[in-house]
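Visitor: heads up, no residue letters with this:
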């Protein structure tokens, strides 16, 4: 797969009525809003997001993810994805029970 050029900036924004916020990092329980900015971003960089839902336990929730990328030359693009997701209650350390879209590649 061909990789694109380095990006000067990526903005990730989450939304949805059932979403409370993003963790400040993947090992944190501190929630710091619904938007995260990364600069600079090299091709192949993996970004993990931990989202806190408004309600605990198994449920269906709406997730809206907006990705805004700015290339080194200043050209910007934006995508928004909206999905209904079924979440299951799992412990933080038990990644074997996470749905396939939430698992890290091995």
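Guide: Sure thing, it's come through. Computed from a predicted structure; not experimentally measured.

Visitor: Please count neighbours and contacts with C-alpha atoms only from this point.
Guide: Will do.

Visitor: What ranges does the protein have for its strands?
Guide: Using DSSP state E, the strands found in the chain span residues 7-15, 19-22, 35-38, 51-53, 59-71, 76-87.

Visitor: which residues sit against the last one?
Guide: Looking back up the chat, that one is strand 76-87. 57-70, 99 (C-alpha atoms under 8 Å, 6 or more residues apart in numbering).

Visitor: If we use 7 Å, what do you get?
Guide: 58-70 (C-alpha atoms under 7 Å, 6 or more residues apart in numbering).

Visitor: would you list these in a markdown table and tack on distance to residue 79 and neighbour count?
Guide: As requested, those are exported to a markdown table (distance: C-alpha to C-alpha, whole Å; neighbours: other C-alpha atoms under 10 Å):
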| residue | distance to residue 79 | neighbour count |
| --- | --- | --- |
| 58 | 28 | 11 |
| 59 | 26 | 13 |
| 60 | 23 | 12 |
| 61 | 20 | 17 |
| 62 | 17 | 15 |
| 63 | 14 | 19 |
| 64 | 10 | 15 |
| 65 | 8 | 17 |
| 66 | 6 | 17 |
| 67 | 5 | 14 |
| 68 | 7 | 16 |
| 69 | 9 | 20 |
| 70 | 12 | 19 |
